[in-house]
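Novice: Here is a sequence with its predicted model. Questions after.
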Protein chains: 2
Amino acid sequence: MVARNGRRRVTIADVASHAQVSTTAVSKVIRNAGGVGPAAKHRIQSAIEELGYRPQTTARGMRGRTFTIGMVLPHIRNPFFADILDGLCEQLGDTGYQPIMVQGGVTRKAERQAVDALVDRQVDGIIMVAPLASRTRMEEVARETPTVVLARHERSTFYDSVLDDDDTGAEAVVKHLIGLGHRRIAHITHQDNSIARPDDLLHIIRAETYKRVMREHGLGDEIAVATAFYHEKGGYDGARELLSRSPRPTAIFAGADQAAIGALAAVHEAGLSVPGDVSIAGYDDTLLAALPNIALTSVDQEGAVMGRTAGRLLLERIEGRVSAVRFSVTPKLVTRRSTAPPPR
Amino acid sequence: MVARNGRRRVTIADVASHAQVSTTAVSKVIRNAGGVGPAAKHRIQSAIEELGYRPQTTARGMRGRTFTIGMVLPHIRNPFFADILDGLCEQLGDTGYQPIMVQGGVTRKAERQAVDALVDRQVDGIIMVAPLASRTRMEEVARETPTVVLARHERSTFYDSVLDDDDTGAEAVVKHLIGLGHRRIAHITHQDNSIARPDDLLHIIRAETYKRVMREHGLGDEIAVATAFYHEKGGYDGARELLSRSPRPTAIFAGADQAAIGALAAVHEAGLSVPGDVSIAGYDDTLLAALPNIALTSVDQEGAVMGRTAGRLLLERIEGRVSAVRFSVTPKLVTRRSTAPPPR
DNA sequence: ATGAAAAAGGGTAACGTTACTCATCGGGAT
DNA sequence: ATCCCGATGAGTAACGTTACCCTTTTTCAT
């Protein structure tokens, strides 16, 4: 095809004629496939350099590989996803695979389109981060393209899983708050339109664990859940609702740091202090949580490790592994100044 | 090609034989190209539905279009980029163009690879957000692929520009601080390895404007700049350095909200209060700045509008426009509680 | 009824790359 | 000297889609 500047893009044929060899030889060199003698190889490499040749991924795609890894994430606003991406990029390093991201959005329909877009583009592998899709749908995708799913709890033999043990993490938070003496502990959870089995979704697990631990400590009557969203606005709205109840909670466990940041804002706006009047805890241990003026108690689930692992597993799968691997990260509670004993 | 599940992906030929028409007719229907009668069209659409056919983007790419828009952004951690992306997605809507993102990273080399990856994948258009590349390089890219560049100030006839008037924005911040009575106003700027003309880079403009306005108000001797990075850690480091000077500044203008958040943390950690001891201002007016417990004075540059506009301009360019458009957003100062008169 | 023009729809050749098959050439073992 | 084998390298046929150029049919004005 003719580029907009009127000059054709350099193709493998141009390199071949310039180096006086066949296109086959050039192809072998750029794939490091061997079967080319040192002299010819050198001529070809010079020609590539000289002409500025770069293989066209679309054409390669037609022959089976695009050297592209697609990552679907709900939205790019959550800094935790940035940790995951950092890990992934580190793992891919100079393997020649290019990570690309698409936004899955907050509805199943949008997510489906995003995933379809990747499949249509023949990516070599797909990483789905906290997807809304049903297991059936994910297996459908995984049958066509090697797939790793992050932050979902179901077991599948068709794709690999990388997840955080949300039950352990949430339990640690609630026990920490109870240990400080809190009884009126509330929770902010996330609303979704997933049709996945509830027990496979991280926010449901965090919420259910919260309820379980409360009941196990005889606090079943104190259970209070606000259903909002895992972002600043959601945490703000959720916390406002919880604070308006009477008696108001002395601690709020937000299912994600982003929501906890919003909850901090709501508490502040209500003229209350953290942790003097209300303790706040989050989940994910994002960089924000560690800032000394926020100092949010949170749960570290090592996003970078998850991203690295996802990358490694995906490469293995692309190389041909067919058995499913499940990698679980053990979360660690990180206590900071946002949680303290309740007011007397 | 045979998919991993052993079943071939459905192709246009399958649809054609199922609907008893030629592949040409099917192609015409999926492209809405006309030249197909209503009866045949209906049969084809049914066949597409029934077989679950989806065009393969790689094959389309070989014929010239991939219906893909590539966006290069330095990293996904900055929430301001999320605003831009939201605007872009809104603009693309159901045009059939799929936005994909790649990380350009913090070095020219990494950014070049990211851009090359998009070009190699034959994306129909490229949006570069705050790139490090030289103007020459961007024009090279733009000659091959329609391009819109965000947040760079040079004028080019080969690509469109969408930018914020950083001079106006920075001037508003510094004048605001001076108006409050501050004299020892410091600035946190960003370090890069760009070889672009300094005056074309947003952080240089913000820093230079800071210096200019200081001098214009007889405060040339008070100029103090910390060179760090536009992220939380950078703002934290920069603010620590500035606060250690004697006498310490009474106000810090961080060139980006992310850095301002870090600066807030540093001030807090030093046992000082905001704005009692030190005023802090940022730039970008991200969602975080608006949270009542942060309440950061900042500059709104309407990221969503920038993203929408970038999308619109790119589509126009893909449709064939060749003249260059330059769209400049006028920034608005948003004052919040993080800035106040200096201590007496 | 006739002719012309428009619409419908098919055939085919690319696009750039790679996997396969095949031919040729040295060189070493017999 | 002969045979065999590995290495080198070329030729060719896909991969799925679309642009272009046909032919055939229908429509409509005369």
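Specialist: Nice, I can see it.
Novice: Going by C-alpha atoms from here, please, whenever you check contacts or count neighbours.
Specialist: Will do.
Novice: Point out the residues in chain A that sit beside DNA strand C.
Specialist: A:1-2, A:8-9, A:11-13, A:23-24, A:27-28, A:30-31, A:54-57, A:59-60, A:62-63 (Cα under 7 Å from any atom of the strand).
Novice: Swap in 6 Å and give it another go.
Specialist: A:1, A:9, A:11-13, A:23-24, A:27, A:31, A:55-56, A:59-60, A:62-63 (Cα under 6 Å from any atom of the strand).
Novice: Now the residue in the stretch 201-344 of chain A positioned nearest to DNA strand D: closest residue in space that isn't a chain neighbour?
Specialist: Among the residues of the stretch 201-344 of chain A, residue A:318 lies closest to DNA strand D, at 19.0 Å counting by Cα to the nearest atom of the strand. Nearest residue to residue A:318, sequence neighbours excluded (Cα to Cα, 6 or more residues apart in numbering or on different chains): residue A:146, at 6.2 Å.
Novice: hang on, that neighbour packs against residue A:320?
Specialist: No - the pair residue A:146 / residue A:320 is not scored as a contact, 9.1 Å apart, by Cα atoms under 8 Å.
Novice: which one of the residues of chain A next to DNA strand C sits closest to chain B?
Specialist: Within the residues of chain A next to DNA strand C, proximity to chain B (Cα to the nearest Cα) peaks at residue A:56, which comes in at 5.0 Å.
Novice: What ranges does chain A have for its helices?
Specialist: With DSSP state H, the ranges of helices along chain A come out as A:12-19, A:23-30, A:38-51, A:57-62, A:79-92, A:108-120, A:135-144, A:166-179, A:202-216, A:232-244, A:257-269, A:287-290, A:303-318.
Novice: List the buried residues of the third one.
Specialist: Neighbour counts over helix A:38-51 (16 or more other Cα atoms under 10 Å in any protein chain shown) mark A:40-41, A:43-45, A:47-48 as buried.
Novice: CSV for those residues, including pLDDT?
Specialist: Listed next are these as CSV, based on pLDDT from 0 to 100:
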residue, pLDDT
A:40, 90
A:41, 92
A:43, 93
A:44, 94
A:45, 94
A:47, 94
A:48, 95
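Novice: can you narrow the residues you listed to ones near DNA strand D?
Specialist: residue A:40.
Novice: from the buried residues of helix A:38-51, which is closest to residue B:86?
Specialist: residue A:48 (39.3 Å; Cα to Cα).
Novice: My guess is residue A:262 contacts residue B:291. True?
Specialist: Yes - if you go by Cα under 8 Å, residue A:262 and residue B:291 touch, sitting 7.1 Å apart.
Novice: neighbour count winner among the two?
Specialist: residue A:262 (27 against 21; other Cα atoms under 10 Å in any protein chain shown).
Novice: show me the residues around the more buried one that make contact.
Specialist: By Cα atoms under 8 Å, 6 or more residues apart in numbering or on different chains, residue A:262 lies in contact with A:231-237, A:239, B:291.
Novice: State the distance from residue A:157 to residue A:309.
Specialist: 18 Å (Cα to Cα, to the nearest Å).
Novice: So those two - more neighbours on which side?
Specialist: Using other Cα under 10 Å as the criterion, residue A:157 and residue A:309 rank with residue A:309 on top: 21 against 13.
Novice: On the pLDDT front, check the more buried one for me.
Specialist: Residue A:309 is assigned a predicted lDDT (pLDDT) of 97.
Novice: re the thing from before, now the buried residues of helix A:38-51 as JSON lines including distance to residue B:139?
Specialist: Below are the buried residues of helix A:38-51 laid out as JSON lines (distance: Cα to Cα, whole Å):
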{"residue": "A:40", "distance to residue B:139": "34"}
{"residue": "A:41", "distance to residue B:139": "32"}
{"residue": "A:43", "distance to residue B:139": "30"}
{"residue": "A:44", "distance to residue B:139": "28"}
{"residue": "A:45", "distance to residue B:139": "26"}
{"residue": "A:47", "distance to residue B:139": "24"}
{"residue": "A:48", "distance to residue B:139": "22"}
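Novice: looking at it, residue A:71 is touching residue A:99, isn't it?
Specialist: Yes - between residue A:71 and residue A:99 there is a contact at 7.0 Å, judged by Cα under 8 Å.
Novice: Next, the contact list for residue A:220, please.
Specialist: Applying Cα under 8 Å, 6+ apart, the residues near residue A:220 are A:211, A:214.
Novice: what's the burial count for the residue in the stretch 201-344 of chain A that DNA strand C sits nearest to?
Specialist: When scored by Cα to the nearest atom of the strand, the stretch 201-344 of chain A has residue A:319 as its residue closest to DNA strand C, at 12.7 Å. Residues lying near residue A:319 (other Cα under 10 Å) number 10.
Novice: go on, the one 3 residues further on?
Specialist: Around residue A:322 sit 14 other residues, with neighbours defined as other Cα under 10 Å.
Novice: The residue of the stretch 151-300 of chain A found nearest DNA strand D and residue A:137: what is the separation?
Specialist: Scanning the stretch 151-300 of chain A for the residue nearest DNA strand D gives residue A:158, at 22.2 Å (criterion: Cα to the nearest atom of the strand). Distance check for residue A:158 against residue A:137: by Cα to Cα, it reads 11 Å.
Novice: which one of those two has more residues nearby?
Specialist: In terms of neighbours (other Cα under 10 Å), residue A:158 is the more surrounded of residue A:158 and residue A:137; the figures are 20 against 13.
Novice: contacting residues around the more buried one?
Specialist: A:139, A:142-143, A:147, A:322-324.
Novice: Would you mind giving those residues as CSV with pLDDT and distance to DNA strand D added?
Specialist: Below are the contacts of residue A:158 laid out as CSV (pLDDT from 0 to 100; distance: Cα to the nearest atom of the strand, whole Å):
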residue, pLDDT, distance to DNA strand D
A:139, 95, 21
A:142, 95, 18
A:143, 92, 16
A:147, 97, 20
A:322, 91, 22
A:323, 94, 26
A:324, 95, 27
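Novice: how about these in JSON lines, adding distance to residue A:244?
Specialist: JSON lines is the format used below for the contacts of residue A:158 (distance: Cα to Cα, whole Å):
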{"residue": "A:139", "distance to residue A:244": "44"}
{"residue": "A:142", "distance to residue A:244": "46"}
{"residue": "A:143", "distance to residue A:244": "49"}
{"residue": "A:147", "distance to residue A:244": "44"}
{"residue": "A:322", "distance to residue A:244": "52"}
{"residue": "A:323", "distance to residue A:244": "51"}
{"residue": "A:324", "distance to residue A:244": "47"}
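Novice: From these, list just the buried residues.
Specialist: Counted by 16+ other Cα under 10 Å, the contacts of residue A:158 give A:139, A:142-143, A:147 as buried.
Novice: Stretch A:311-330: end-to-end distance?
Specialist: 19 Å.
Novice: just to revisit the earlier point, let me know the pLDDT of the residue nearest to residue A:318.
Specialist: 96.
Novice: Quick one: neighbours of it, just the number.
Specialist: Other residues close to residue A:146 by other Cα under 10 Å number 28.
Novice: re the thing from before, ok, and which of the helices of chain A has the densest surroundings?
Specialist: Ranked by mean neighbour count, those are led by helix A:257-269 with a mean of 27 (mean count of other Cα atoms under 10 Å in any protein chain shown).
Novice: centre of the chain versus that helix, how much separation?
Specialist: 22 Å (Cα atoms, centre = their mean, to the nearest Å).
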